[in-house]
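1. Structural data only, the sequence is not supplied:
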DNA sequence: GCCAACGTTGGC
DNA sequence: GCCAACGTTGGC
């Protein structure tokens, strides 16, 4: 049974267009340094799908869909002291942080902005819309997933 | 650029 | 174990 997720990225750092332009349209999702988000990353399975969300963007929006093509494995950026994601407490023997690989599936014809999503009644309990929510990896309920896909279809 | 909300750190 | 201080996230 595949599950649904939402992944945040700042488009200035890495946008959905960057993903589409990546080799094999695939990238590793490195740099998650929050335990709750890490736990969700570790729960992801190959074949799960996720929304790609542009945070710190103008406007912030869900912009498309990606698929998990490799389940979680140690985030080796944490082992590299030259990386901005370095964490001396994480080692190859006992990794504290993990990442998955995701592949581009599609970009919506029209971005689904945060403010537009807030007006959809089916999404009122969505984690993304909770006040103060900062989770960069979060689960999406099936009915939320469907409602958002319907919005994307109707917006096109 | 501002600032509220949140998570982490570290003194006690 | 409490909590103040600090750093980060991310909408506005």
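-> Sure, I can see it. Predicted, not measured: the structure shown is a model, and the values here were computed from it. Residues are numbered from 1 along each chain as shown, chains lettered A, B, ... in the order given.
2. Buried residues of stretch A:51-62, list them for me.
-> A:51, A:52, A:53, A:54, A:55, A:57, A:60, A:61, A:62 (16 or more other C-beta atoms under 10 Å). (Each C-beta comes from the backbone N, C-alpha and C, glycine too.)
3. Output those residues as TSV; include the columns pLDDT.
-> Shown next, in TSV, are these (pLDDT from 0 to 100):
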residue	pLDDT
A:51	98
A:52	98
A:53	98
A:54	98
A:55	97
A:57	96
A:60	97
A:61	98
A:62	98
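4. Looking at chain A, which residue is nearest DNA strand B?
-> Among residues of chain A, the one nearest DNA strand B by C-beta to the nearest atom of the strand turns out to be residue A:132. It sits 2.0 Å away.
5. Quickly check the buried residues of stretch A:51-62 for the two that are furthest apart.
-> Taking C-beta to C-beta as the measure, these span a maximum distance of 13.8 Å, between A:51 and A:57.
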